[in-house]
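Student: no sequence on hand, only this structure:
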């Protein structure tokens, strides 16, 4: 009787250890996936700065064109457009050289 109880206890212990090991493997797989997700951001800092600069130049150029139109100086809009496109070209060249 005592051997039977100790055998059942030992088998319960083995099942518990097996389930704990399975849980540990699942946890490690989940942690590994999460670690990979953290290491691979959507954009690098360099790419983000390039995006911010391009959007900033576009906003600045469009605001300048709107202000010139409202002021009645439509002859200067071409200059603003050309200088905005030139600046965007320079930013594109710099970003290509960085990568």
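Tutor: Done, it's in. In this text the structure is predicted, and so the values were computed from the model without any measurement.
Student: quick check: mean pLDDT of the longest helix along the chain?
Tutor: Longest helix of the chain, by residue count under DSSP state H: helix 2-39. What helix 2-39 shows for mean pLDDT is 73.
Student: buried set for stretch 9-23?
Tutor: By neighbour count on 16 or more other CB atoms under 10 Å, the buried set for stretch 9-23 is empty. Every C-beta, even on glycine, is put in place using the N, C-alpha and C of the backbone.
Student: check stretch 48-65 too.
Tutor: Of the residues in stretch 48-65, those buried by neighbour count under the rule 16+ other CB under 10 Å are 50, 53, 57, 61, 64, 65.
Student: for residue 50, which non-adjacent residue is spatially closest?
Tutor: Distances taken as CB to CB, 6 or more residues apart in numbering place residue 95 nearest to residue 50, at 4.3 Å, with adjacent residues excluded.
Student: host element of that neighbour?
Tutor: Taking DSSP states H and E as the definition, one finds residue 95 inside helix 77-98.
Student: now that helix, how far from the centre of its chain.
Tutor: 25 Å (CA atoms, centre = their mean, to the nearest Å).
Student: that helix packs against which elements?
Tutor: With contacts taken as 3 or more CB pairs under 8 Å, 6 or more residues apart in numbering; DSSP states H and E, helix 77-98 sits against helix 45-71.
Student: ok and the helix it packs on relative to helix 77-98, angle-wise?
Tutor: 180 degrees (axes from the mean of the first three to the mean of the last three CA atoms, to 10 degrees).
Student: how much space between the nearest residue to residue 84 once chain neighbours are set aside and residue 67?
Tutor: Counting by CB to CB, 6+ apart, residue 84 lies nearest to residue 61, which is 3.2 Å off, once chain neighbours are set aside. Computed as CB to CB, to the nearest Å, the residue 61 to residue 67 distance reads 11 Å.
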